[in-house]
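J.: okay, sequence plus prediction incoming.
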Amino acid sequence: MAKNLKINIKNAQLAEALKLTREKKPVLRKKEEKKEPLSVELSPTPTVEAPSFSSLKPTPAEQLTKGKPIQQKPPVVKTESTHSTAKPEYRHKPQPFRTNFPPQHPSFRQDTRPNTPSSSRPPYPARAGYPSALKRPPLSKDVPIPKASDAPKKDSFKPTPRESEDKNQRSKTAHEIRPAKKSPQKTFDARDRKGLRDDLDDQGWRRRRPHHKMRSHKKEEVVIRPKELKIHLPITIKDLASEMKLKASQLVAKLFMKGIMLTLNDYLDDETTIQLLGHDFDCEITIDTTEEDRLRITDKTIKQEIQASQTDELIIRPPVIAFMGHVDHGKTSLIDAIRKSNIVSSEAGDITQHIGAFKCHTESGDITILDTPGHEAFSSMRARGADVTDIVVLVIAGDEGIKAQTVEAIDQAKAAGVPILVAINKCDKPNFDADNIYRQLADKDLLTEAWGGQVITVNCSAVTKQGIKEMLEMLALQAEVLELKANPKSRARGTVIESEMHKGLGPVATVLVQNGTLNLGDAIVFAQHYARVKTMHNELKKEITTAGPSSPVKITGLSGLPEAGSEFIVVKNEKEAIEIAQKRSEGQRHHNMMQQPKRVGLENFLDNSVQKKVLNLILRADVQGSVEALKNSLLKIQSKKIELNIISAAVGEISESDVQLAQNTKAMIIGFHSQVESHAENLIKTLKVTVKLYDIIYHAVDEVRALMRSMLDKIPQENDVGSAEVKAIFKSSHLGIIAGCMVTDGTIKRSSQLRLLRDGQVIWKGTMQSLKRVKEDVREVSKGYECGIVLPNNNDIKVGDIFQAYEITYLDQEL
Ligand SMILES: Nc1nc2c(ncn2[C@@H]2O[C@H](COP(=O)(O)OP(=O)(O)OP(=O)(O)O)[C@@H](O)[C@H]2O)c(=O)[nH]1
């Protein structure tokens, strides 16, 4: 009895102690109490033990889930009898009280957060296997408060670590807790072991993540944009934006608004566009052209340079004369007659294939002659010929009159502002009619002297040499009138007439010196090539060391093949020549990149959607001008169905690498005045590459055109050959349905294609299985005869149906 009393007193003391700790709580969480005074956790009763005991009996919430009615019974605190059954319910072994629970324990930190409303938190953290404290029925007034005597025995009541922790918390205010985190007291835990702890961890707080709002407080950089700018052209949008201290996207957007669609890496080369763009962003952009000026070497034309020379330095130079006119009107023959040499016989197809330039010493004085080809394919070369010439000799065959290329030559001469002298050739011929030529010339606004105009005409014959002397005199007279002068003391300048790849010498160019004197060893800049004149030869293949104005010379020592028509100029030394040539080719590369189509527009897309066939070609010719002429002629072949793709066009013989390239690209090689290298012949046979060699340009063009046509799909055409009407239907166990027909038109052949028509509609098409006359198989049945037609797998034949026999022929498509 005394023992029981002792236990009761001890329990009462324990209950009192618990009550005391509970009583502190209202002080700690005063505000929260106001919100929810009847919160379970605020219960002053020592229901702290309830989770452990209530787990023995289902809570009302659990009853609900089990479909049982909720009994509003207070949790019955059971003692020894329930204790034994309650024990297995613990997932975690009850731990003894730990008063010095480390402050950095996660649960500690969580529960001591001052901002967390305690009313929203369960007083005991929910654990698996434990019914949540919040699920317990709210306490009501009639719920009897368990007495101290109802409390479990001391040995049966062992709070979990969480419970003891909670008690610790509740025994302190928030203010009391915080300093505890800063407590230097440390425990060694897993974070220490893994080296994850830093100073902030020691304080018990996690490092804060940088907040976006924090960033906005960052001080913005002030960008000072230039008001004036000097740039080089071309410039990419990206670079221009960086110079202007702008985002490239801003420039792209601005250009887009102007209707120019470009991307960051696209080049801008238009001065006005760039300046307008600068204006939009309040920036004055000027284009720095110093580098371009340096690369251009000089702004002056050859004529301006001559005019700028001292008068005493100038000398009279020979006129440069171009012979132009229609094919076979006798240009080469006339030139031949002048220099008394026979060029004609060595020319393939008896037409001049490429430009020739030479100096002639005549009784009337020296003249430089450009023998420009007369064929239509060389119009571009002719145009260049007209550009460098002082006088054009327009050769018209007196028996034929003005032809298409004569008109073209007139136009080019007029465009170049070059005076024309008309040589009416073939005056030895019986049907020579000079008056007809005068009339035709008058129609072209060239009024001859004979008709009271200014245009000088000479009736001549290359065969009889009649009128040649007179023609030379007239040319000398004309040159005198023109006062053709040059400064032999200045640096040499002129034009490339022709260039070719020589096997031993490498690139060779025929150049016409127009001003100054070209010396052996001079450093020259062509468009993107340079040279140090290694050798120099005149028209008689004589090696020379200097070439004065109006001298055509062949030079070697070139870095590459300059294009015919490009200008050359002598510079200080080879180093400068190399540098300028390299910079120019860089610029050209940029230019080419800019020329490339940027995007596929809708138009292009629609065009490309129709798949075109492609004929790949590799062109090789003896000289640059011929390559160009051949290329231009081929590219003139127009077709919407097939595309001509010239993979490579160069000077030289057809090499092994050309054959290899042709094989890789499925191309055909065309050689014009070119040969196949001996060791490439075997490869051609092995790789079965098609190589065609031509000496006459229009033969090459015609064959390529024919090849293009042959590549196009043939168009099938149905030609009717006969028809027959079905008069009766027979059934055969062996053949099926036999159509008994009468041939009403033409002939029905066994090999013919058939159409079966019913009421004017084609209901079947194909070849017949057999054609019979009586019981015999026959090849054909003519009009007026009866026949039997058996169709394969088609028994749908009726009396009155019509058979139409036709043959298919395949036609070439037009380009
Ligand atoms: N009867 C006669 N025949 C001439 C005369 N001049 C040229 N021929 C002939 O005309 C043909 C063409 O002469 P070319 O000198 O090759 O004519 P071309 O204008 O140079 O021709 P291309 O080189 O193709 O432009 C040749 O057969 C010449 O013999 C002439 O004055 N009288």
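T.: Received the coordinates, thanks.

J.: from here on, contacts and neighbour counts on C-alpha atoms
T.: OK.

J.: what ranges do the helices span in the stretch 201-350 of the chain?
T.: 212-216, 237-243, 248-257, 271-280, 290-296, 302-307, 331-339 (DSSP state H, counting those that start in this stretch).

J.: quick one: pLDDT of the closest residue to the ligand within the stretch 101-250 of the chain?
T.: Nearest to the ligand in the stretch 101-250 of the chain, going by Cα to the nearest ligand atom, is residue 234, at a distance of 43.1 Å. Looking at residue 234, its pLDDT reads 77.

J.: how about it, nearest residue that isn't a chain neighbour?
T.: Of all residues not flanking residue 234 in the chain, residue 269 sits nearest, at 4.5 Å (Cα to Cα, 6 or more residues apart in numbering).

J.: and residue 667, bridged to which residues?
T.: Using DSSP bridges, the beta-bridge partners of residue 667 come out as residue 616.

J.: now it: how far from residue 712?
T.: Going from residue 667 to residue 712 by Cα to Cα, to the nearest Å gives 16 Å.

J.: so which of the helices of the stretch 201-350 of the chain gets nearest residue 488?
T.: Of all the helices of the stretch 201-350 of the chain, it is helix 302-307 that lies closest to residue 488, at 9.7 Å by Cα to Cα.

J.: check what contacts the closest one and list those residues.
T.: With contacts defined as Cα atoms under 8 Å, 6 or more residues apart in numbering, helix 302-307 is touched by 314, 485-487, 493-494, 514-515.

J.: now, among these, which is nearest to residue 745?
T.: Once Cα to Cα is applied, the member of these that ends up nearest residue 745 is residue 494, at 77.8 Å.

J.: pLDDT averaged over whatever helix or strand the closest one lives in - what is it?
T.: Taking DSSP states H and E as the criterion, residue 494 maps to strand 493-502. Averaged across strand 493-502, the pLDDT comes to 86.

J.: what's that strand packed up against?
T.: Packing contacts for strand 493-502, counted by 3 or more Cα pairs under 8 Å, 6 or more residues apart in numbering; DSSP states H and E, involve strand 506-515, strand 567-571, helix 624-635.

J.: name all residues that make contact with residue 272.
T.: With Cα under 8 Å, 6+ apart, residue 272 has no contacts at all.

J.: contacting residues around the residue lying closest to residue 267 once chain neighbours are set aside?
T.: Among residues not flanking residue 267 along the chain, residue 236 sits closest, at 4.1 Å (Cα to Cα, 6+ apart). Residues near residue 236 by Cα under 8 Å, 6+ apart: 264-268.

J.: report the buried members of these.
T.: Burial by neighbour count, 16 or more other Cα atoms under 10 Å: within the contacts of residue 236 this picks out 266-268.

J.: name the element residue 565 belongs to?
T.: Using DSSP H and E, residue 565 falls within no helix or strand.

J.: so it makes contact with residue 495?
T.: Yes: counting by Cα atoms under 8 Å, residue 565 does reach residue 495; the two are 5.9 Å apart.

J.: show me what from the stretch 451-600 of the chain comes close to the ligand.
T.: 461-463 (Cα under 6 Å from any ligand atom).

J.: where does residue 734 land on pLDDT?
T.: Predicted confidence (pLDDT) at residue 734: the value is 77.

J.: what do you get for residue 34?
T.: What the model reports for residue 34 is a pLDDT of 44.

J.: let the chain start at 37 from now.
T.: Noted, 37 is the first residue going forward, which turns the last one into residue 70.

J.: in the helix or strand where residue 655 lies, what counts as buried?
T.: Following DSSP H and E, one finds residue 655 within strand 649-657. Neighbour-count burial for strand 649-657, with 16+ other Cα under 10 Å as criterion, is recorded at 650-657.

J.: helices or strands next to that strand in the packing?
T.: For strand 649-657, the packing partners by 3+ Cα pairs under 8 Å, 6+ apart are helix 660-671, strand 678-687, helix 692-701, strand 703-708.

J.: packing partners for the third one?
T.: Read that as helix 692-701. Using 3+ Cα pairs under 8 Å, 6+ apart: helix 692-701 touches strand 649-657, strand 703-708, helix 717-723.

J.: which residues touch it?
T.: The contact list for helix 692-701, computed with Cα under 8 Å, 6+ apart, reads 652-654, 703-705, 713, 715-716, 719-720, 723, 725.

J.: now do 10 Å
T.: 651-656, 683-684, 691, 702-705, 712-721, 723-727 (Cα atoms under 10 Å, 6 or more residues apart in numbering).

J.: among these, name the buried ones.
T.: Neighbour-count burial (16+ other Cα under 10 Å) is assigned, among those, to 651-656, 683-684, 691, 703-705, 712, 716, 719-720, 725, 727.

J.: TSV for the helices and strands packed on helix 692-701, including mean pLDDT?
T.: Below are the helices and strands packed on helix 692-701 laid out as TSV (pLDDT from 0 to 100):
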stretch	mean pLDDT
strand 649-657	89
strand 703-708	91
helix 717-723	88
